[in-house]
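1. my questions concern the predicted model and sequence given below.
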Amino acid sequence: MPVNFAILTALDYFFEVINWLILIRVILSLLRMENMSNPLSRFVIITTEPILEPFRTLQFRSSIGRNLMIDFSPVLAILVIQYLVRPLAFKLVLLLMRYI
């Protein structure tokens, strides 16, 4: 039982770190500090870009998102992570632990 709790806690921390990195990326973009010369900024961009790119592509392919000046991909990414990916990951880990 303690191993199950440790794995679920680590998974929870992983998703929290991803959410915070996306929020930091939004703040960096609002402050116009998204340059690759800063190591912290570079780390945040490199880490979050694979997550945000599919949502950005989806937004700009839609008829509504094409005309918007604001990039809503961070909001979409956080919502999908919180309400779809995170619960599915927890259920999958619990299901796998039942059979191990």
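-> Cool, got the structure.

2. can you give me the helices in the protein?
-> For the chain, helices defined by DSSP state H occupy the ranges 2-30, 39-61, 73-80, 86-99.

3. helices and strands around the longest one, which ones?
-> I take that to be helix 2-30. helix 39-61, helix 73-80, helix 86-99 (3 or more Cβ pairs under 8 Å, 6 or more residues apart in numbering; DSSP states H and E). The C-beta positions use only the backbone N, C-alpha and C, and glycine is treated the same way.

4. check which residues of it are buried.
-> Neighbour-count burial for helix 2-30, counted by 16 or more other Cβ atoms under 10 Å, picks out 18-19, 21-22, 24-26, 28.

5. from those, pick the one nearest Leu94.
-> Ile18 (20.0 Å; Cβ to Cβ).

6. now for that closest one: which residues touch it?
-> Residues counted as contacts of Ile18 (Cβ atoms under 8 Å, 6 or more residues apart in numbering) are 48, 51, 81.

7. can you list the residues you listed in TSV and add neighbour count?
-> Shown next, in TSV, are the contacts of Ile18 (neighbours: other Cβ atoms under 10 Å):
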residue	neighbour count
Thr48	21
Ile51	19
Ile81	16
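
8. thank you kindly, that will do.
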